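Visitor: Have a look; sequence and predicted model below, questions after that.
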Amino acid sequence: MTTDESRTGVWAIVPAAGRGTRFGGAHPKQYAQVAGSPLIRHTLEALLSNPGVRGAVVVLAADDPLWPGWDEIAGKALLRCTGGESRADSVLAGLLALPDEVRADDFVLVHDAARPNLRQDDLTALIERGRNDPVGAILAAPVRDTLKRAGNDGGIDRTEPRERLWRALTPQLFRRLQLTRALEAASEAGIAVTDEAMAMERQGMRPLLVEGDEDNFKITTASDLARFEFALSRRQEEIRA
Ligand SMILES: Nc1ccn([C@@H]2O[C@H](COP(=O)(O)OP(=O)(O)OP(=O)(O)O)[C@@H](O)[C@H]2O)c(=O)n1
Ligand SMILES: C[C@](O)(CO)[C@H](O)COP(=O)(O)O
């Protein structure tokens, strides 16, 4: 960790250019209303209200119909750029759109717009532990359920071993140039990486797993929205208590 980084915080990239096909609805899920705000607002406030985050680049679809045009949240700068066909393409676009103050070896965060329920203590832990790792780190949750491999007939083929299995979450924290090169290499090899860590692993690197809260789930289907509304109301009750 350089002295500058410890003083200024890290920049975040927020991929928000998806169509939300599994979610359905008339508009992309990042604009679904929860407690009076679009989902993406909850995500951006969770990120930008943390003292360890300096600003964010939101990656939007070229035809995004609803971006409200915010240029700052929680007093932090909010930039935007246009995403691509895949989430990895969108993250690459975000990396290229970061301000010049973000140096090649500075750490940057990537966090899904679709993960609004990010806890401050998890975000802070990821930044602190990731910055002290030679490669970087991701929030993740250990698998606690028994895992089944399904057959084509809907029956169970077998139970999969779950020892040392984790579910990758976001944010994921890596150095700007290393992540850019890893994503470009995966793209050139025709490999569709589903998270940033996968691109880094392909380069022979071993990102650190930082355990995060199970409630940092991704809004993927419509039922996830009700789960977030409940989590939000529970958190607001905790604050009032
Ligand atoms: N080309 C893409 C695809 C996805 N994302 C973003 O990546 C995050 C995680 O992706 P996912 O949950 O799969 O969102 P969608 O791609 O919108 O969902 P679906 O696969 O159901 O269409 C979301 O914040 C989404 O907006 C993106 O920025 N660019
Ligand atoms: C990045 C991610 O959220 C980690 O679990 C996940 O891989 C995104 O997958 P999606 O299919 O693009 O939602």
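Guide: Received, thanks. Keep in mind that this is a model prediction, so the values were computed, not measured. Ligands and ions are numbered 1, 2, ... in the order given.
Visitor: make it CA atoms for all contacts and neighbour counts henceforth
Guide: Will do.
Visitor: I figured Leu147 was touching Thr159, is that so?
Guide: Yes - counting by Cα atoms under 8 Å, Leu147 does reach Thr159; the two are 5.7 Å apart.
Visitor: what about Gly130, neighbour count?
Guide: If you count neighbours by other Cα atoms under 10 Å, Gly130 ends up with 26.
Visitor: Leaving out sequence neighbours, find the closest residue to Asp122.
Guide: Nearest non-adjacent residue to Asp122, counting by Cα to Cα, 6 or more residues apart in numbering: Gly212, 5.7 Å away.
Visitor: ugh, typo on my part, it should be Ala222
Guide: Using Cα to Cα, 6+ apart, the closest residue to Ala222 is Phe23 (5.1 Å).
Visitor: Tell me the spacing between that neighbour and Glu45.
Guide: 22 Å (Cα to Cα, to the nearest Å).
Visitor: circling back to that earlier point, tell me which residues touch the residue nearest to Asp122, please.
Guide: Contact analysis of Gly212 by Cα atoms under 8 Å, 6 or more residues apart in numbering lists Asp122, Leu139, Ala140, Ala141, Leu169.
Visitor: of the residues you listed, closest to ligand 2?
Guide: Leu169 (4.5 Å; Cα to the nearest ligand atom).
Visitor: Hmm, the closest one is touching Asp215, no?
Guide: No - between Leu169 and Asp215 there is no contact under Cα under 8 Å: 10.4 Å.
Visitor: who has more neighbours, those two?
Guide: Leu169 (23 against 15).
Visitor: Quick one: residues contacting the more buried one.
Guide: Ile138, Leu139, Ala140, Ala141, Gly212, Asn216, Phe217.
Visitor: After whichever strand or helix holds it, which helix or strand is next?
Guide: Assigned by DSSP states H and E, Leu169 belongs to strand 166-175. Going down the chain from strand 166-175, the next helix or strand is helix 176-188, by DSSP H and E.
Visitor: what residues does that following helix touch?
Guide: By Cα under 8 Å, 6+ apart, the surrounding residues in contact with helix 176-188 are 88, 92, 95, 102-108, 192-193, 196, 199-200, 202-203.
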